[in-house]
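>>> one predicted model, sequence on top.
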Amino acid sequence: MAAGTMATAAGAAVMLYYVLSRRLGRKDSEEDLDGGGDPSKSGRSVRRRRISRRPAQPPATLLESIVTLSETLRFTYSETLGKWPIGDLAFGINYFMRKQGNLPVASVYAGSECVQLKGDDIIVELYELLRLLTLCMLFSKKPFPVFLDSAGFSPDDVLIQMPKAGLLRPAFTIIRDTQSKCLLLLIRGTHSIKDTLTAATGAVVPFHHSVLNDGGISNLVLGYAHCGMVAAARWIAKLCTPTLLKALGESPDFKVKIVGHSLGGGTAALLTYILREQKEFSTSTCVTFAPAACMTWELAESGKNFITTIINGSDLVPTFSTASIDDLRSEVF
């Protein structure tokens, strides 16, 4: 019965994807004709198609799951085989990886104001970052009981346990860490096919961040973000807010720290923006390891005081996005 249901759902998703592709394809052709063949107008049309028109939230029903899956397939196809022949796509990705491997990162990102960090405090901070990275690795690779035992936690330290991922619902947990006096919210990276689909839901959606200062809004940062990660971050925020409020009430000297790797890293950063808009969580911080590219530049800059990003050289995942694909395509061809 379950296998038949899944087969029916997959077939419906494919049919819906085909219908949507045909309809949107005809609509795009009409827009191009209305633009009089102007390449600049056609380019703007392509840019607009990347902006998702659906709310960035996980599907609640089977029908919504099918629609989300069909849109994800259409977006993935349009950004890969829809633009690249299969041979050129493989060549382009290989070229991009080789280019990133030879990129002198410091000369590109450090700038002339780069300062070498020294001192005992930096060593202590590096050890803490290594501990958080180890927690991410254990949470991603080990069964949850083994993760707790290996990380030195007990079941009593667990506030929320969501070890299984769903579509636009990554696995996460909240741990009371007495060592650092933090409520650690760990978000797992890509580990299953459902995580892969969340990462592939890459259309952009509007995402705005309100900066709080002295109990009021001092600034509003406008931008766009990765649809799948925004949906995941909002889902986690909805689930974890009551638990975090209760835990902070019981331990007011604790702080909220959100940690994630790869897909979980991008989701963690967006979740930090969402939580900090509430007064109770306005001091929340975030540590991300190799986060997927997930937001526009202005949003990223607005979070540099409370989000720490760790990237290994010119790692592919943090630098790979639809914009970098466009740059790569123009460079290769």
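Nice, thanks for sending it over. It should be emphasised that the depicted structure is a prediction, and the values quoted were computed from it without experimental measurement.
>>> use CA for all of it now, contacts and neighbours both
Noted.
>>> can you tell me what sits against stretch 258-268?
Here stretch 258-268 makes contact (Cα atoms under 8 Å, 6 or more residues apart in numbering) with 132, 136, 170, 184-190, 195, 199, 229-230, 232-233, 269, 272, 284-294, 317-318.
>>> now the buried members of those residues.
132, 136, 170, 184-190, 195, 199, 229-230, 232-233, 269, 272, 284-294, 318 (16 or more other Cα atoms under 10 Å).
>>> how about low-confidence regions in the stretch 1-150 of the chain?
Low-confidence segments of the stretch 1-150 of the chain (pLDDT under 70): 1-55, 76-84, 86, 89, 96-114.
>>> okay, strands next: where are they in the protein?
In the chain, the segments counted as strands under DSSP state E are 158-162, 172-177, 182-187, 204-206, 209-213, 216-221, 224-226, 255-261, 285-289, 307-310.
>>> sheet partners, orientation included, of the second one?
Put plainly, it is strand 172-177. The pairing partners recorded for strand 172-177 under DSSP bridges are strand 158-162 (antiparallel), strand 182-187 (antiparallel).
>>> what do you get for the last one?
Each strand paired with strand 307-310, and its direction, by DSSP bridges: strand 285-289 (parallel).
>>> which residues touch the strand it pairs with?
Outside strand 285-289, the residues within contact range by Cα under 8 Å, 6+ apart are 133, 256-262, 264-266, 268-269, 272, 306-311.
>>> repeat the analysis, applying 7 Å as the threshold.
The contact list for strand 285-289 (Cα atoms under 7 Å, 6 or more residues apart in numbering) reads 256-262, 265, 268-269, 272, 306-311.
>>> format the strands paired with strand 172-177 as JSON lines; extra columns: mean pLDDT and distance to Q116.
Converted to JSON lines, these look like this (pLDDT from 0 to 100; distance: least, Cα to Cα, whole Å):
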{"stretch": "strand 158-162", "mean pLDDT": "93", "distance to Q116": "38"}
{"stretch": "strand 182-187", "mean pLDDT": "96", "distance to Q116": "28"}
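>>> report the separation between the most centrally placed residue in the chain and D120.
Centroid-nearest residue in the chain: G266, 3.2 Å away (criterion: Cα atoms, centre = their mean). In this view, G266 and D120 are 30 Å apart by Cα to Cα, to the nearest Å.
>>> any idea how far R74 is from T201?
Taking Cα to Cα, one finds R74 at 10 Å from T201.
>>> please apply the same query to L183.
Applying Cα to Cα to L183 and T201 gives a distance of 29 Å.
>>> please apply the same query to D315.
Remark: distance between D315 and T201 (Cα to Cα) = 21 Å.
>>> with neighbour numbers in mind, choose between these two.
Using other Cα atoms under 10 Å as the criterion, D315 and T201 rank with T201 on top: 26 against 14.
>>> for F144, find the nearest of the strands of the chain.
Proximity to F144 (Cα to Cα) singles out strand 158-162 among those, at 8.6 Å.
>>> show the pLDDT at the residue nearest to the centre of the chain.
Looking at G266, its pLDDT reads 93.
>>> which residue, other than its chain neighbours, is closest to it?
Once flanking residues are discounted, G266 sits nearest to P291: 4.8 Å by Cα to Cα, 6 or more residues apart in numbering.
>>> the one you found contacts T319, doesn't it?
No - judged on Cα atoms under 7 Å, P291 makes no contact with T319 at a distance of 9.1 Å.
>>> for the stretch 151-300 of the chain, give me the ranges with low pLDDT.
For the stretch 151-300 of the chain, residues meeting the criterion pLDDT under 70 lie at 212-217.
>>> could you redo the last one with a cut-off of 90?
Along the stretch 151-300 of the chain, the model assigns pLDDT under 90 to residues 163-168, 189-192, 194-205, 208-222, 277-279, 282, 292-294, 296-298, 300.
>>> tell me the contacts of P206?
Residues counted as contacts of P206 (Cα under 7 Å, 6+ apart) are 223-225.
>>> ok, and the most crowded of those?
Going by other Cα under 10 Å, A225 tops those with 23 neighbours.
>>> to what extent is the nearest residue to that one once chain neighbours are set aside buried, counted in neighbours?
Spatially, and ignoring its direct neighbours in sequence, A225 is nearest to M295 (4.1 Å; Cα to Cα, 6+ apart). M295: 23 surrounding residues under other Cα under 10 Å.
>>> now do Q57
When neighbours are defined as other Cα under 10 Å, Q57 has 18 of them.
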